[in-house]
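Participant: quick one: sequence plus predicted model below, questions after.
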Amino acid sequence: MEFTMIETGWLSLLPPIIAIALALSTKEVYSSLFIGLFSGMLIYSFASGGTIVNTAATTFDMMSTKIADNAYMIIFLALLWAVVVLVSKSGGSEAYGRWAQKRLKTKRSAAFATSLLGVLIFIDDGFNCLTVGTVMRPITDRLKISREKLAYIIDATAAPVCIIAPVSSWAVAVASEVSQTGGFNIFLSTIPYNLYALLTIVMVVFVCLTGLDFGPMKAAELAAAQKDGNADGGSAQGNAKGRVIDLVLPILVLIVCAILGMAWVGGFFRGVSFSEAIGENPTAGLTLGAFAGLVTAFILYIPRKLMTPKEFIGNIVSGISNIVPPMLILILSWSLGGVCRQMIGTGVFISGFVTTTHLPLGFLPFLIFVVAALMSFSMGTSWGTFGMLIPIVTMICSADGAGALLIPTLGATLAGSVYGDHCSPISDTTILASTGAACEHIKHVETQLPYATLVAAVCAVGYLIAGFTLTPWIALIACVALMIGVLFVLNKTDLKRFARK
């Protein structure tokens, strides 16, 4: 369904602000998102001369449109979660936990292994979140790593990794937004300037290896240390006959077939380049991979009588039912993002500041980073944010004779977009990270926000440096040193604070 955009000025900021404020204050996500969505529709209806009846009808029009637009994503998540439950009930997860427990004996080694796995699964952020959470949660539970910490590690190695991976659906999406020829080469050039993605990876690895937590995450880790370290997330015990291969093989087949599926759907076997093919319709390819994982589980489990055919189907239904609550959050967040982008012009209003602000050109990367961060956080989407800003950035750099600033500013655009996506309560990646870690969504947001914002604040300094030096390397070195220094100070401050309690 087509929606007509009406620019509503500062009123366009209210729906995301209302949704985020309610979610953080009430700790209840569903009603917060719906109220934010409905408030956006009220603004649209009154601005277009409609009535309250129009508001209700248009609200459900938007929801049905987003369900249709993301049908493959919904099918993929349902199939993937069915595989998750099957490998758990087969005993494969427990067997892997016993195997890994002999090798991963400390919290730091388990946290680092989780971050490494997140970096390796770079093809798609949503797939990353659910797969890493499924594989590592039994291990991190046993070693008393909090679910909040697990969710942060998953989230920090999802979008920030995908946005700098040349072979990913994100790379093609960014390249397609650059109007100039050689868009993919331009994307590669932005990688050193994507300070947020690079620094987030450094941050998560550093925190995993050193254990220098602070803020709400420190409290979550201390609370987890007091709990039973044999939690299983509430899932039923698996079959005692399960082996490691019962976990590894379905997941491995799923990953390989997901990559091949994205290539096939995008036309790689008909002559299209691999990088372009995987970005054509990634969720369709991921769905094929999830189905292949399901078939592999059937072939692996039924002949060995790990479960009966009836139990197999029952576990599929159980897996799909488990994904309904986070799926409802996704549908509401997609709809809220839709009303902001397509109907009331939230992105247009925010990006208008870029063209009306008269500052020295060296400030452009910093300014764009801040604007992109605000847009992405408000709308819960990095793709929608850089989709609106990249054309504006290329136009500004061309019109003002600031060609040398194009690559740094595009890097800042992507970095700000990922920051907002990383920590926004209404981002689908944030939701899937808390789902994969079996962590309460608002707790994930509250514990992750200080970490992400620390990196973003350091990035802002880095873009001031990069904008005037026109090189990423000085900014990167300065940012890493500043970030680690601040992290030590915050950790030391928290140690004193918790010691007094």
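Facilitator: Structure received. Numbers count the residues shown, from 1 in each chain.
Participant: chain neighbours aside, what residue packs nearest to Gly133?
Facilitator: Nearest non-adjacent residue to Gly133, counting by Cβ to Cβ, 6 or more residues apart in numbering: Gly436, 2.5 Å away. C-betas here are computed from N, CA, C, even on glycine.
Participant: who's in contact with that neighbour?
Facilitator: Cys129, Leu130, Thr131, Val132, Gly133, Thr134, Arg137, Ala151, Ile154 (Cβ atoms under 8 Å, 6 or more residues apart in numbering).
Participant: same question for Thr210.
Facilitator: Taking Cβ under 8 Å, 6+ apart, one finds Arg108 in contact with Thr210.
Participant: per-residue confidence at it?
Facilitator: What the model reports for Thr210 is a pLDDT of 90.
Participant: I'd like to know how far it sits from Arg108.
Facilitator: 8 Å (Cβ to Cβ, to the nearest Å).
Participant: and for Met203?
Facilitator: 15 Å.
Participant: the two - which one has more neighbours?
Facilitator: Met203 (23 against 16; other Cβ atoms under 10 Å).
Participant: pretty sure the more buried one sits against Pro450.
Facilitator: No. Using Cβ atoms under 8 Å, Met203 is not in contact with Pro450, being 11.4 Å away.
Participant: three-state assignment of Gly242?
Facilitator: Taking DSSP: H, G, I helix; E, B strand; the rest coil as the rule, one finds Gly242 in the coil state.
Participant: contact partners for it?
Facilitator: Contact analysis of Gly242 by Cβ under 8 Å, 6+ apart lists Ser90, Gly91, Gly92, Ser93, Glu94, Ala95, Leu306.
Participant: which ones among these map onto helices?
Facilitator: Gly92, Ser93, Glu94, Ala95 (DSSP state H).
Participant: distance of the residue nearest the centre of the chain relative to Gly126?
Facilitator: By Cα atoms, centre = their mean, the chain has its centre lying nearest to Thr429, at 2.7 Å. Going from Thr429 to Gly126 by Cβ to Cβ gives 7 Å.
Participant: any shared contact partners between the two?
Facilitator: Joint contacts of Thr429 and Gly126 (Cβ under 8 Å, 6+ apart) are Ala158.
Participant: related to what we said a few turns ago, now the contacts of Gly242 in JSON lines, with neighbour count and pLDDT?
Facilitator: Rendered in JSON lines, the data for the contacts of Gly242 read as follows (neighbours: other Cβ atoms under 10 Å; pLDDT from 0 to 100):
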{"residue": "Ser90", "neighbour count": "27", "pLDDT": "86"}
{"residue": "Gly91", "neighbour count": "23", "pLDDT": "82"}
{"residue": "Gly92", "neighbour count": "28", "pLDDT": "79"}
{"residue": "Ser93", "neighbour count": "26", "pLDDT": "70"}
{"residue": "Glu94", "neighbour count": "23", "pLDDT": "72"}
{"residue": "Ala95", "neighbour count": "23", "pLDDT": "79"}
{"residue": "Leu306", "neighbour count": "23", "pLDDT": "89"}
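Participant: put together CSV for these, with distance to Phe291 on each row.
Facilitator: Formatted as CSV, those follow (distance: Cβ to Cβ, whole Å):
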residue, distance to Phe291
Ser90, 18
Gly91, 23
Gly92, 18
Ser93, 20
Glu94, 25
Ala95, 24
Leu306, 20
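Participant: looking at those residues, spot the one nearest Ser335.
Facilitator: Nearest to Ser335 among the contacts of Gly242: Ser93, at 33.9 Å, using Cβ to Cβ.
Participant: isn't that closest one right up against Met136?
Facilitator: No. Ser93 is beyond contact range of Met136, at 10.1 Å (criterion: Cβ under 8 Å).
Participant: list the contacts of stretch 371-382.
Facilitator: 13, 16-17, 20, 159, 163, 333, 336-337, 340-341, 346-347, 350-351, 353-354, 384-386, 388-389, 412-421, 423-428, 430, 456.
Participant: output it in PDB with nothing but the alpha carbons.
Facilitator: Provided in PDB are the C-alpha atoms of stretch 371-382 (Å, rounded to 0.1, in the frame of the first residue of the first chain):
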ATOM      1  CA  VAL A 371      22.200  13.800  12.800                       C
ATOM      2  CA  ALA A 372      22.400  10.200  11.600                       C
ATOM      3  CA  ALA A 373      22.600   9.000  15.200                       C
ATOM      4  CA  LEU A 374      19.500  10.900  16.200                       C
ATOM      5  CA  MET A 375      17.600   9.800  13.100                       C
ATOM      6  CA  SER A 376      18.500   6.100  13.500                       C
ATOM      7  CA  PHE A 377      17.800   6.100  17.300                       C
ATOM      8  CA  SER A 378      14.400   7.700  16.700                       C
ATOM      9  CA  MET A 379      13.300   5.500  13.900                       C
ATOM     10  CA  GLY A 380      15.100   2.300  14.900                       C
ATOM     11  CA  THR A 381      16.600   1.700  11.500                       C
ATOM     12  CA  SER A 382      20.100   2.200  10.100                       C
END
